[in-house]
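Enquirer: Below is the sequence, then the predicted model.
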Amino acid sequence: MADIKYEIKETLGILSENNRGWSKEVNLISWNDREPKYDIRDWSPEHEKMGKGVTLSVEEMKKLRDLLNDLDL
């Protein structure tokens, strides 16, 4: 499997942290030198390891925002 290159362009926030120090984060990330996308996933403390996550385009992020705003929480 080829190495995946990534660069965290902006950290938007941390949603939670577990007892091992991993945190679920929302970031703007450039994957393999492509245009940055919004990303939600678990990261180890020094960002050297990552869990599975979801990557969203600007349009998808706006739709998610609208869906969340419509929820009665």
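Expert: Okay, I see it. Numbering: from 1, shown residues only.
Enquirer: Where do the helices of the chain begin and end?
Expert: Across the chain, reading from the start of the chain, the helices by DSSP state H fall at 58-70.
Enquirer: Please name the strands paired to the strand ranked longest in it in the sheet, noting orientation.
Expert: Ordering each strand of the chain by length in residues (DSSP state E) puts strand 6-17 first. Strands adjacent to strand 6-17 in the sheet, as given by DSSP bridges, are strand 23-31 (antiparallel).
Enquirer: and the angle for the longest strand of the chain with helix 58-70?
Expert: Orientation check (axes from the mean of the first three to the mean of the last three CA atoms, to 10 degrees): strand 6-17 against helix 58-70 gives 10 degrees.
Enquirer: Show me which residues of strand 6-17 are buried.
Expert: Within strand 6-17, the residues that qualify as buried by neighbour count (16 or more other CB atoms under 10 Å) are Tyr6. The C-beta positions use only the backbone N, C-alpha and C, and glycine is treated the same way.
Enquirer: any idea of the mean pLDDT in it?
Expert: Averaged across strand 6-17, pLDDT comes to 97.
Enquirer: quick one: that strand to chain centroid distance?
Expert: When C-alpha coordinates are averaged (CA atoms, centre = their mean, to the nearest Å), strand 6-17 and its chain have centres 6 Å apart.
Enquirer: List the contacts of it.
Expert: Applying CB atoms under 8 Å, 6 or more residues apart in numbering, the contact partners of strand 6-17 are 23-32, 36, 38, 40, 47.
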